[in-house]
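Asker: sequence first, then the predicted structure:
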Amino acid sequence: MSQVKIGDQVYTREGGTMFGAVRVVHAHGLQVYVENAGDFEVKAEAVKAVHDGKVLLAVEKLDSALRTAIARAHQQEQR
């Protein structure tokens, strides 16, 4: 968690679409703002990688509400 910075962009895979940004960094996880959905808590164990201002999350370790929010993050833009 020490490499994660407030404002880092958040993704579910390398080369994927950014869906949010880090708001708060805790020892046990992160608070992430997801576009069109608000803030969500992410446990440290769900952080797969951190590099170059990017945070990659392991989707299988996220709760269902956050997975749904990620899937809907860009729906408004696609209309």
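Answerer: Noted; the coordinates are in hand. Numbering: from 1, shown residues only.
Asker: what about the strands in the chain?
Answerer: Counting by DSSP state E, the chain has strands at residues 9-11, 20-25, 29-34, 38-43, 47-51, 54-57.
Asker: how about these in CSV, adding mean neighbour count, distance to residue 70 and mean pLDDT?
Answerer: For glycine as for every other residue, the C-beta is placed from the backbone atoms N, C-alpha and C. Output for these, formatted as CSV (neighbours: other Cβ atoms under 10 Å; distance: least, Cβ to Cβ, whole Å; pLDDT from 0 to 100):
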stretch, mean neighbour count, distance to residue 70, mean pLDDT
strand 9-11, 19, 9, 97
strand 20-25, 18, 8, 97
strand 29-34, 19, 6, 97
strand 38-43, 16, 9, 97
strand 47-51, 15, 14, 96
strand 54-57, 21, 8, 98
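Asker: pLDDT of stretch 69-79, averaged?
Answerer: On average, the pLDDT along stretch 69-79 is 74.
Asker: burial measure for residue 52, as a count.
Answerer: 6 (other Cβ atoms under 10 Å).
Asker: among the strands of the chain, which comes closest to residue 3?
Answerer: Residue 3 sits nearest to strand 47-51 of all those, at 4.3 Å, using Cβ to Cβ.
Asker: having no further points to raise, I will conclude here.
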